[in-house]
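>>> Sequence first, predicted model second:
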Amino acid sequence: MDFNNYQYVVAYINQFGLYAPLVAFLLFVIQAMLPVFPYVIMAAAVGFLFGFQQGIVLSWFGALTGACLAYWICRWFGIGDFLNKYYSHSGYDVSKLSPRLAFWAIVIARIIPVVPTPLINVGAALGGVPFSTFLVSSAIGKIPTAVLYTGLGLALFQARDVKTILFIIVGGLSILLLIRYAANRWFWRRLD
């Protein structure tokens, strides 16, 4: 199975018939925990198969579920206990972690697709971020990418001429750059 090819992903998910939405959801969960295939290809395929709105819900909720599972797996295996001992030995106090700063750091890291999702999940779990903060910030931060990748991917794969494809790519990149610029300005102003 080649998950880097849009047509193969559409055919693979579509073969499950009535269970196709469940399979798509589970693939998003896996992708959020171990990104072995591109999120944008999955989002585009799901948008094509189930429509824009249902595609957004499946990609957003599947990715959020996978992120939460990864968070709790790190906590359940006691890695957090080991790191808390290390942190206390090195002078880092998890109780002094600012939930507000952690919230916005996760939102920005989710919106700006530079930091890999598994690193955000593991970093939050091991860094002592409360689950409620992680859940809400991840839910908010994953909305723009779910909408953008589902819509952009769907439009890109349904476009037939080069001019439309280039317009879509330039528009999508412009939106990402504007979001990144606004997030950087906001973040650095908050630190000053």
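Received it, and whenever you're ready, just let me know what you need. Numbering: from 1, shown residues only.
>>> Can you pull up the most central residue in the chain?
Note on the chain: the residue nearest the mean C-alpha position is residue 142, at 5.1 Å, using CA atoms, centre = their mean.
>>> hang on, it packs against residue 65?
No - counting by CB atoms under 8 Å, residue 65 is not a contact partner of residue 142; they are 10.6 Å apart. Where you see a C-beta, it was placed from the backbone N, CA and C, and this is true even at glycine.
>>> so how far is residue 19 from residue 34?
For residue 34, the distance to residue 19 equals 22 Å [CB to CB, to the nearest Å].
>>> quick one: the helices in the protein?
Assigned by DSSP state H, the chain shows helices spanning 6-14, 20-33, 39-50, 52-76, 79-90, 99-111, 117-126, 131-158, 162-191.
>>> Burial-wise, tell me which of these comes out on top.
Most buried of the helices of the chain, by mean neighbour count (mean count of other CB atoms under 10 Å): helix 39-50, with a mean of 24.
>>> Let me know the angle separating that helix from helix 20-33.
Relative orientation of helix 39-50 versus helix 20-33 (axes from the mean of the first three to the mean of the last three CA atoms, to 10 degrees): 170 degrees.
>>> Which residues does helix 39-50 contact?
3-6, 9-10, 13-14, 20-21, 24, 27-28, 31, 54-56, 58-59, 63, 145-146, 149-154, 156-158 (CB atoms under 8 Å, 6 or more residues apart in numbering).
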